Each structure stands twice: as structure tokens, then as C-alpha cells.
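[1] After the sequence you'll find the predicted model.
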Amino acid sequence: MSIKRFGARYGTKPKKKFANIEKLQHLRHQCPSCRKPSVKRLALGIWQCRSCQSTFAGKAYVPYEK
């Protein structure tokens, strides 16, 4: 995802913070049950492992604090 879609609006600091959050959000995270890196975000705070189909609640942008 690109922060260029915001154009000249909002300033540089908020856009950089948003880009960092978005980058972390779209990574594949490790599943807490099967330990495979196949967890994707379904919705705000809802995560699902694509390998073992385990669905769990976590944080909004990352499933757990690293």
C-alpha cells in the first residue's frame, strides 16, 4: 500500500506512522496453535490461520505484541 494516495494532505508524520502500521498489518504472522506463518487479518481484531483454520481475537493491527 502506498501513502501517496493521500497527496499533500495530513502531513508527513501521520502518513509515515500510517504506512508503518499498514506494513505490519499486511504481513503474515505466526499462528499461536500450529506455529506456521499463515495468519491473516479478517477484520478489526479478528485473525485466522489459513493452515489450521484457527480463528482467534488479537490486537487491531497485529495479532499479538512481539
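    Done, it's in.

[2] Tell me where the model's unsure across the protein.
    Residues of the chain meeting the criterion pLDDT under 70: 1, 65-66.

[3] How about the residue in it that sits furthest from its center?
    A8 (25.2 Å; CA atoms, centre = their mean).

[4] tell me the SS of that one?
    coil (DSSP: H, G, I helix; E, B strand; the rest coil).

[5] so who does it touch?
    By CB atoms under 8 Å, 6 or more residues apart in numbering, the contact list for A8 is empty. (Each C-beta comes from the backbone N, C-alpha and C, glycine too.)

[6] what residues are up against P63?
    So P63 contacts 29, 32, 39, 41, 47, 56 (CB under 8 Å, 6+ apart).

[7] Around T55, how many other residues sit close by?
    11 (other CB atoms under 10 Å).

[8] Leaving out the residues flanking it, which one is nearest to it?
    Leaving aside its chain neighbours, T55 sits nearest to Q48 (4.6 Å; criterion: CB to CB, 6 or more residues apart in numbering).

[9] which residues in this protein form strands?
    For the chain, strands defined by DSSP state E occupy the ranges 39-43, 46-49, 55-57.
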